[in-house]
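Trainee: Give me a model of this one.
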Amino acid sequence: MENFRSTEATGVLIAENMLAAEYIKNPDKLPEELREQIRQSSVPPAVDPFAYASALMNFAGLAA
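Mentor: Residues are numbered from 1 along each chain as shown. Just a heads-up that it's a prediction; the model follows:
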């Protein structure tokens, strides 16, 4: 049974890679909903660099 699961998992990974390669070559084939999610995820959130630095310092126990 374990061997079957391993083979099944391998098949799923191969299929995922094949689908990903197809959509990378032809992004227009993606549903509009997924294209919109990709557009939204590609915009990094605004970060205050001073607040981020302060948070890192606090995390490291080096609060100023």
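
Trainee: Could you point out the longest helix of this protein?
Mentor: Longest helix of the chain, by residue count under DSSP state H: helix 2-25.

Trainee: The next helix or strand after that one packs against which elements?
Mentor: Downstream of helix 2-25, the first helix or strand assigned by DSSP states H and E is helix 32-41. In terms of contacts (3 or more Cβ pairs under 8 Å, 6 or more residues apart in numbering; DSSP states H and E), helix 32-41 is packed against no helix or strand at all. Where C-beta positions appear, they are placed from N, C-alpha and C, glycine not excepted.

Trainee: how deep is Tyr23 tucked in, by neighbour count?
Mentor: 15 (other Cβ atoms under 10 Å).

Trainee: Give me the distance between it and Leu34.
Mentor: For Tyr23, the distance to Leu34 (Cβ to Cβ, to the nearest Å) stands at 8 Å.

Trainee: again, but for Ala21
Mentor: As judged by Cβ to Cβ, Ala21 and Leu34 stand 16 Å apart.

Trainee: circling back to that earlier point, what's the angle from the longest helix of the chain to helix 32-41?
Mentor: Put simply, helix 2-25 runs at 80 degrees to helix 32-41, going by axes from the mean of the first three to the mean of the last three Cα atoms, to 10 degrees.

Trainee: what's in contact with helix 2-25?
Mentor: Applying Cβ atoms under 8 Å, 6 or more residues apart in numbering, the contact partners of helix 2-25 are 29-30.

Trainee: any idea of the mean pLDDT for that helix?
Mentor: Averaged over helix 2-25, pLDDT sits at 90.

Trainee: Can I get that helix as CSV, trimmed to CA atoms?
Mentor: Below are the C-alpha coordinates for helix 2-25, written out as CSV (Å, rounded to 0.1, in the frame of the first residue of the first chain):
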residue,chain,number,x,y,z
GLU,A,2,2.9,2.4,0.8
ASN,A,3,4.4,1.8,-2.6
PHE,A,4,1.0,2.7,-4.2
ARG,A,5,0.9,6.0,-2.3
SER,A,6,4.4,6.8,-3.3
THR,A,7,3.6,6.2,-7.0
GLU,A,8,0.3,8.2,-6.7
ALA,A,9,2.2,11.1,-5.1
THR,A,10,4.8,11.0,-7.9
GLY,A,11,2.0,11.1,-10.5
VAL,A,12,0.4,14.1,-8.8
LEU,A,13,3.7,15.9,-8.8
ILE,A,14,4.3,15.2,-12.4
ALA,A,15,0.8,16.3,-13.4
GLU,A,16,1.2,19.5,-11.3
ASN,A,17,4.6,20.3,-13.0
MET,A,18,3.1,19.6,-16.5
LEU,A,19,0.1,21.9,-15.8
ALA,A,20,2.4,24.6,-14.4
ALA,A,21,4.6,24.4,-17.5
GLU,A,22,1.6,24.7,-19.8
TYR,A,23,0.2,27.7,-18.0
ILE,A,24,3.7,29.4,-17.9
LYS,A,25,3.9,29.0,-21.7
